[in-house]
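Peer 1: Sharing a model that was predicted from the sequence below.
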Amino acid sequence: MLQTVQYSLEMIQDEVRQLIDRGVISKQQPIYTLCKHIPAREWMRFEAELERYDFLLRDRISDLICQECWDND
């Protein structure tokens, strides 16, 4: 039985931070780069959640995780 993953923006940001920490991706790459690291069957849900928050696939990954910059200010 296949499980469906329900993505939230926080889950996406956590996953992206892990990829950055491991050196798999760079903050300067476009968001669509993430499709190489997300299973194809889950990408549509992943992308829909990003669109829900007005992120475009051409936006930089740094835009997606920029909230981390402001949390401590």
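Peer 2: Ah, there it is.
Peer 1: Tell me, how many residues neighbour residue 27?
Peer 2: If you count neighbours by other CB atoms under 10 Å, residue 27 ends up with 14. No exception for glycine: its C-beta is placed from N, CA and C like everyone else's.
Peer 1: I'd like the distance between it and residue 12.
Peer 2: Distance from residue 27 to residue 12, counting by CB to CB, to the nearest Å: 14 Å.
Peer 1: In three-state terms, label the residue nearest to the spatial centre of the chain for me.
Peer 2: In the chain, the centroid-proximal residue (CA atoms, centre = their mean) is residue 12; its distance is 4.3 Å. In three-state terms, and counting by DSSP: H, G, I helix; E, B strand; the rest coil, residue 12 is helix.
Peer 1: so who does it touch?
Peer 2: By CB atoms under 8 Å, 6 or more residues apart in numbering, the contact set of residue 12 is 46, 49, 50, 64.
Peer 1: Count the neighbours of the last one for me.
Peer 2: Read that as residue 64. Using other CB under 10 Å, residue 64 is surrounded by 20 other residues.
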